[in-house]
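[1] Everything below, folded, please.
(chains A and B)
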Amino acid sequence: MPDTQALVNEFLNKLKKRKIEGSQATARQTAELLRSVISQQRVPYTNQAGALIDAMKVVGEQLIAANPVELAVGNIVRRVLHIIREEDLSLTSAAISGMNFSSVSDDDDDGDRDDRPVLSAAAVAAAARSTLRPPSLHTLLEDMPDSAAVPHTSSSGGDSEGKSKSADKSTITRKLKHDVIEAVNELIQDITTCHEQIAEQAVEHIHQNEVILTLGSSRTVLEFLCAAKEKKRSFRVFVAEGAPRYQGHLLAKELVARGLQTTLITDSAVFAMISRVNMVIVGAHVVMANGGVIAPVGLNMVALAAQKHAVPFVVLAGSHKLCPLYPHNPEVLLNELRSPSELLDFGEFSDCMDFRSDTGSPLLHVVNPTFDYVPPKLVSLFITDTGGHNPSYMYRLIADYYSADDLVIQRKPTTGN
Amino acid sequence: MGAQKKGATRVSEDADALSRQPLQAVLLADSFATKFRPITLERPKVLLPLVNVPMINYTLAWLESAGVEEVFVFCCAHSRQVIDYLENSEWYSQPNFLVRTIQSHDSVSAGDALRVIYERNVIHGDFVLISGDTVSNMLLTQALQEHKERKKKDNNAVMTMIIKRSKPSPITHQSRLGTDELFMAIDTSTKQLLYFEDKADHSRGTISLDKTLLAENPSIVLHNDKQDCYIDICSPEVLSLFTDNFDYQHLRRHFVKGLLLDDIMGYKIYTHEIHSSYAARIDNYRSYDIVSKDIIQRWTYPYVPDVKFCGNRATKLERQGMYRASEIVQSCSSQIGPFTVIGNGTKIGNDTKVSNSVIGEGCTIGSNVSIEGSYIWDNVTIEDGCELRHVIVCDWVILKAGAVLKPGVVLSFKVVIGQGFVVPAYSKVSLLQQPTVEDSDEELEYVDNSSGTVEISSIRGTADKLNGEMTSQSSETHESELGSGGVGYIWSICEGGHEEEWRHSIAPIPADKLAEITQTTDDDHELLTQDGTALPPSGELKSDSFSNLSEDDEMEDSKDDSAYFEKEVEATFLRAVHENVKVEHVILEVNSLRLSYNMTSSDCAGAIFYSMMKLSLETPHASASELLQSATNVISTWQRLLKSYLPETDEQIEVILKFEEMCLESGKEFSPLFALILQHLYDKDLIEEDAILTWANEKEGADESDKVFVKQAEKFIQVRNNVNIFYS
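    Numbering: from 1, shown residues only, chains lettered A, B, ... in the order given. From the prediction side, this is the model:
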């Protein structure tokens, strides 16, 4: 498959050079890439899911290594793996019950009644999510025994191999791939519409005459605020500029263009202003499994200020930002140090950068971290495309999207292979 | 395909055709210099590791990300090694990025290289000219855009140089990269480069500018705090220029200076200054050190060790700028300080201290070793108790226990330093013997590079073959040179070079050296301030101090200036006579000349009168009376011109003085006619009697010889005086 390899290489290149910015764009492009890899992948008759999973892992490993800071890549790879597993599972169960054809047609009817063209567990789950209803514990419990019964894909693949012999091989071959691609399409759809889905909930959270504070720039936050504005809520926004990249300036410009009353403040003025603020709404880079947030630099300070004045601290995050890893995991690279030139002008300080002093190291060090870690206890509420959640609920949400097999397995066994 | 494309662009030079042209780059994989000897005798400079990645990868990675689609890598010295490396690298398999190599064995300079490339006829549009030892992360788009727009307006704008601000050291007069302080004069509005000098004479503390530069350019700023990044955006004409001027060798010293001086063709060079992005060229050991540290400090982001930009190993950034690759074996008691890079598979023993250093892959470092500010390449073995400060240690070097490397030492490949041996500061050690060619700076850079490499490659062959035996053999022969068990030759530092050694060395400049320079510059400065021509030593030579400089210049040149001015006025006047130009227009022209030379109206009057007299003198005449006739004719024809510059007595006196001077020197024929012409001037109301009387009074106290003309005019003056008395 030289075609996909070229695609993968190109994407790897972009990731390595840090040419893709923003987790949404990264997530979408990753999903699109994985979709084309899946569609190009030849699947054997036996153990199709296993073959697909292996292919995913090979690509996924490269992608994650290319930019370990962009956790959204890993999230999407894991979700696609999860989709493959779920589809495989539903096919297997269909095959088991497919001994008599009536149940299959029953299943089909189910799908039709849901107005979903795709018949698959993942699709049903996605449908459930898109209606802003968290999946009931009951459905989760129902799933549990199944996955417990088939802990390893290889064995489940073996199962399916055994059972599928009775069913029509060629249709199943096509079916798994087809279903997986459909589900990945759903995922891409989810990622692209996550802003709107989050923004729909804006009116529930922003009230008349409130003062909202935000830091830096996030597309999600922008859409969220504008959605509230469109629903005729009148409120004011304080924007902290978000040094050193000053993306807050851009956000302020956008907000003003959409007719919102905006006040721009420096990052250091946040504490002074926080007592007048009713709610802090910010975007995130990644939400960890424990409910901690990796967010643009400066947000920890804002969160602490908000806590001091008992101001709700609300984090908006699309579901592609939910990461199944914990921040204490050594695999997670929490931060990226960018070029110091964003902070100061090289020419002006070139004499301070002189290495000719006795120790051979300059007296001036410039550190420019990109992210902050905000611990879960400082976050009041997460708003994802499936609704608002408490930080302590995050691990539960994550269990819906990812299968436990993929969390750590991701890298180690493939490198072992 | 190439021919077709070329034809298309030749026919229609419109913007569309140009923008469709894929952006090309010429990468010179040879520095055509010997600053990195002895290392470069065995490996080309572009393949030397910079923070554990061969330098050329930084350049290629940047070119790729800057949107360059086709790169011609020009290989000269060790071309085989470069080509082999590129063939095995990932650069050949990149989509949308074509790397081609051009090999040449007889090129000894950048100029030769560009001539070869011109002959190959591969460059079809604007291209980026860069050498393979440049690290940058700038965006090309803006500079390229500017270049193209300028090119569209003015076909002579052939090159855009990328510059960056970086203050030079006020004491040593060199940039932080170890290059000489660079002076550039740049037009503030157009960004045109007007003056370029990298070899200024610091001992005098002055630089001299051509004054036409100041006359012709209304706004010009002289910089000494700009760093030349050696990234140029060139039009294809540059290649043909190199071919036309076959003596151009060095890109800057010959090409840039040549273009700036050549005002016949009128080619122009512009600059583009980058602010937030980084660009630097590794020119010598010092810049190797500085750029390495800039990379570790992440100024070159995203080309930093923990980003895999070109197949480098995964490296993790830990606290305080510590980069560590995987599979490092490190003793618990060892101390790894900040801003250190440690490569894959390196072992570090007990109580070893490492700070501000780069250690390559597969090194074995024993116990109680102290490494500070050093660059240790791959597979180096350092035994217990060694001490390394500010040194470069190449691949496969072995330091036996207790060896000490003093600051500035460079150990080339596979050298062995004997037990407890102390290598003196700034020495360079290689397995190869120092080429016996006379090291005479300039010539060496261009001329013997080729011969040097040929000779060396033959040595190298034998060196490689004998390598095994050499270890045993030479341990006896060189025992004296590098301690017991040592292998290699210490290169003698050539005379005159020693003084410069500390400037380009990897080691920081020793404090006593700095103190010494400060002392001498202080002395110099005191001397110079008495002359009033010193440059402010603290460096910034901006507009105000610059104007001082130019004034000084003009003071010196003021004599020349007035002579030039007179010539110009005369030429204008003659043209006016021959072409019947209206008096108003002549006045305008003379006025503009007066402004540009900064002259007074009396200067103008003098100059005009002089040219009038000269004209009449040159009109053929047989006798004095005819001369008088022509002179009076000229005066009456052009009296309005002269009159307009004679508003006051002062100017009139000037005219008389001028006339007097003329009679004495150039136009002796006028001397008998002095009084008569004076009379005529008076009659025409050009000169008032006040002026004549004042002149006469001034001459009262003068020598007899000076009074010749006063006496001649005596009669006339007396009449005037009498009239005055009469009226009073």
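
[2] what's the spacing between the residue in the stretch 101-250 of chain A that chain B sits nearest to and residue B:148?
    Residue of the stretch 101-250 of chain A nearest chain B, by C-beta to the nearest C-beta: residue A:244 (10.7 Å). (Glycine included, C-beta is placed from N, CA and C.) The gap separating residue A:244 from residue B:148 is 32 Å, by C-beta to C-beta, to the nearest Å.

[3] show me where the stretch 301-417 of chain A has strands.
    For the stretch 301-417 of chain A, applying DSSP state E, counting those that start in this stretch gives strands covering A:313-316, A:371-374, A:381-384, A:387-389.

[4] and the shortest one, what's its mean pLDDT?
    Meaning strand A:387-389. The pLDDT scores in strand A:387-389 average 92.

[5] Go through chain A and flag its longest helix.
    helix A:169-199 (DSSP state H).

[6] May I see the buried residues of that one?
    Going by neighbour count (16 or more other C-beta atoms under 10 Å in any protein chain shown), the buried part of helix A:169-199 is A:172, A:175-177, A:179-184, A:186-188, A:190-191, A:194-195, A:197-199.

[7] Stretch B:613-621 too?
    Quick answer for stretch B:613-621 (16+ other C-beta under 10 Å): B:613, B:614, B:615, B:616, B:617, B:621.

[8] and what of stretch B:674-684?
    In stretch B:674-684, counting by 16+ other C-beta under 10 Å, buried: B:674, B:675, B:676, B:677, B:678, B:679, B:680, B:681, B:682.

[9] Could I get the contacting residues of the fifth one?
    Same thing as residue B:678. Neighbouring residues of residue B:678 by C-beta atoms under 8 Å, 6 or more residues apart in numbering or on different chains: B:656, B:659, B:687, B:692, B:713, B:716.

[10] Specify the local secondary structure of it.
    Using DSSP: H, G, I helix; E, B strand; the rest coil, the structure places residue B:678 in helix.

[11] Could you give the number of residues near the residue lying closest to residue B:94 once chain neighbours are set aside?
    Excluding the flanking residues, the one nearest residue B:94 by C-beta to C-beta, 6 or more residues apart in numbering or on different chains is residue B:64, at 6.5 Å. Residue B:64: 21 surrounding residues under other C-beta atoms under 10 Å in any protein chain shown.

[12] okay but residue B:64 is in contact with residue B:98, surely?
    No: applying C-beta atoms under 8 Å, one finds residue B:64 not in contact with residue B:98, separated by 10.3 Å.

[13] Roughly how far does whichever residue of the stretch 1-150 of chain B sits closest to chain A sit from residue A:238?
    As assessed by C-beta to the nearest C-beta, chain A sits closest to residue B:65 within the stretch 1-150 of chain B, at 5.3 Å. Residue B:65 is 37 Å from residue A:238, where distance means C-beta to C-beta.

[14] sec struct for residue A:208, please.
    Put simply, residue A:208 is coil when judged by three-state DSSP.

[15] And the pLDDT at it?
    Listed pLDDT for residue A:208 reads 92.

[16] same check, this time on residue A:142
    Note for residue A:142: predicted pLDDT of 52.

[17] out of everything not next to it in sequence, what's closest to the one residue in the stretch 251-400 of chain A that gets nearest to chain B?
    Chain B sits closest to residue A:347 of the stretch 251-400 of chain A, with a gap of 2.6 Å, by C-beta to the nearest C-beta. Leaving aside its chain neighbours, residue A:347 sits nearest to residue B:165 (2.6 Å; criterion: C-beta to C-beta, 6+ apart).
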